[in-house]
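Participant: Following is a predicted model, sequence given first.
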Amino acid sequence: MAYMAKIGPSILSSNLSCLGRECVRMMECGADYLHLDVMDGHFVPNITFGHPMVECLRKSVGQDPFFDMHMMVSRPEQWVKPMAAAGASQYTFHLEATTNPGNLIKEIRESGMKVGLAIKPGTTVEELAPWANHIDMALVMTVEPGFGGQKFMEDMMPKVSWLRSQFPSLDIEVDGGVGPDTIHKCAEAGANMIVSGSAVIGSDDPRSVISLLRTVVAEAIQKRSLDR
Ligand SMILES: O=C(CO)[C@@H](O)[C@H](O)COP(=O)(O)O
Ligand SMILES: [Fe+2]
């Protein structure tokens with residue numbers, strides 16, 4: 001069992017006018033990685049930022065922090081090279097946004113980034129399965145992508161459980177409405193990479209929230225390894 005509990009704050013709900021400082025603050029509070037939400041106003045009804053912002057963030061936080069780019073864009077092929085050049089670590093694209101996932105996976109790898117593959121709530125996990133052995137991380141969305149601060153969809157947990165049973169060492173990420181109230185469901189289902197936006201950023205004590213989320217997931221991983 002190679003996977004570990006990792007917590008990646010989504011900085012979507014932070015003060016976007018001081019993103020660099022917010023990223024540094026999250027890393028200082030114990031984040032394992034940073035989850036950066038890219039929205040194009042087409043794949044989702046919202047716009048955030050693109051590779052020029054990522055390049056600035058990379059300069060401001062240094063080489064170490066891992067940038068998980070959640071690409072909520074209609075043409076993910078278009079941004080692979082610009083994101084790699086800007087300093088992205090992982091390129092997480094949506095299965096719904098491409099007709100040729102295999103080629104896109106290859107392009108992302110060739111550009112030196114890790115590969116994440118995301119599915120929206122309406123997409124079955126069986127559609128993701130053929131690619132699972134070719135990716136570094138599967139992202140099961142637990143809200144409709146587009147906005148932070150939405151309600152966690154518990155009915156996505158069977159997707160996570162099924163993926164964990166079929167791919168025991170795959171990194172599985174959940175994203176949307178995840179915080180202290182919902183983390184137990186995610187951990188029990190088998191998620192190990194946890195995106196949390198408003199619950200972490202909106203807290204007076206982000207360090208404690210990050211630590212709590214990580215502890216719950218680490219304990220579930222430990223329990224699963226003992227049960228095997
Ligand atoms: O990708 C998305 C939304 O589309 C997420 O990354 C959210 O931004 C997470 O925020 P919370 O739901 O945790 O507030
Ligand atoms: Fe996201």
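Facilitator: Looks like it came in fine. Ligands and ions are numbered 1, 2, ... in the order given.

Participant: do you know how far Arg224 is from ligand 2?
Facilitator: Arg224 sits 25 Å away from ligand 2, going by Cβ to the ion, to the nearest Å. Backbone N, C-alpha and C define where each C-beta goes, glycine included.

Participant: Was I right to think that residue contacts Glu188?
Facilitator: No: contact criterion Cβ atoms under 8 Å: Arg224 and Glu188 do not qualify, at 9.2 Å.

Participant: Could you tell me which residues touch both of those two?
Facilitator: In terms of Cβ atoms under 8 Å, 6 or more residues apart in numbering, Arg224 and Glu188 are not both contacted by any residue.

Participant: Within range of ligand 1, give me the residues from this protein.
Facilitator: 10, 12-13, 35, 37, 70, 143, 145-150, 175-178, 195-199 (Cβ under 6 Å from any ligand atom).

Participant: now the strands for this structure?
Facilitator: 6-9, 34-39, 67-72, 90-94, 114-119, 137-141, 171-175, 193-196 (DSSP state E).

Participant: Residues contacting the third one, please?
Facilitator: By that I understand strand 67-72. 8, 10, 33-40, 43-44, 54, 57-58, 79, 83, 87-94, 97, 116, 118, 137, 139, 145-146, 173, 175, 193, 195.

Participant: what about the protein, any weak spots by pLDDT?
Facilitator: For the chain, the stretches with pLDDT under 70 are 1.

Participant: Which part of it gets nearest to ligand 2, residue-wise?
Facilitator: As assessed by Cβ to the ion, ligand 2 sits closest to His70 within the chain, at 3.7 Å.

Participant: hey, what's that residue bridged with?
Facilitator: Taking DSSP bridges as the rule, His70 bridges to Asp37, Thr92.

Participant: Could you check how far it is from Cys186?
Facilitator: 16 Å (Cβ to Cβ, to the nearest Å).

Participant: With neighbour numbers in mind, choose between the two.
Facilitator: Cys186 (31 against 27; other Cβ atoms under 10 Å).

Participant: And the longest helix anywhere in the chain, what does it pack against?
Facilitator: Longest helix in the chain by number of residues (criterion: DSSP state H): helix 206-227. Contact partners of helix 206-227 among helices and strands, from 3 or more Cβ pairs under 8 Å, 6 or more residues apart in numbering; DSSP states H and E: strand 6-9, helix 19-28, helix 183-189, strand 193-196, helix 198-201.

Participant: What count of nearby residues applies to the closest residue to ligand 1 within the chain?
Facilitator: Using Cβ to the nearest ligand atom, the single residue of the chain nearest to ligand 1 is Gly197, 2.5 Å away. When neighbours are counted by other Cβ under 10 Å, Gly197 registers 26.

Participant: what do you get for Arg228?
Facilitator: That count, for Arg228 with other Cβ under 10 Å as the rule, works out to 7.

Participant: that older thread, find the nearest non-adjacent residue to the residue of the chain closest to ligand 1, please.
Facilitator: Ser10 (3.6 Å; Cβ to Cβ, 6 or more residues apart in numbering).

Participant: The one you found contacts Gly148, doesn't it?
Facilitator: Yes: applying Cβ under 8 Å as the test, Ser10 and Gly148 come out as touching, 6.5 Å apart.

Participant: Show me the common contact partners of these two, please.
Facilitator: Joint contacts of Ser10 and Gly148 (Cβ under 8 Å, 6+ apart) are 37, 197.

Participant: Of those two, which one has the most company?
Facilitator: Shown here are Ser10 and Gly148; by other Cβ under 10 Å, Ser10 has more neighbours (24 against 21).

Participant: most packed of the helices and strands packed on helix 206-227?
Facilitator: Mean neighbour count, computed with mean count of other Cβ atoms under 10 Å, is highest for strand 193-196 among these, reaching a mean of 28.
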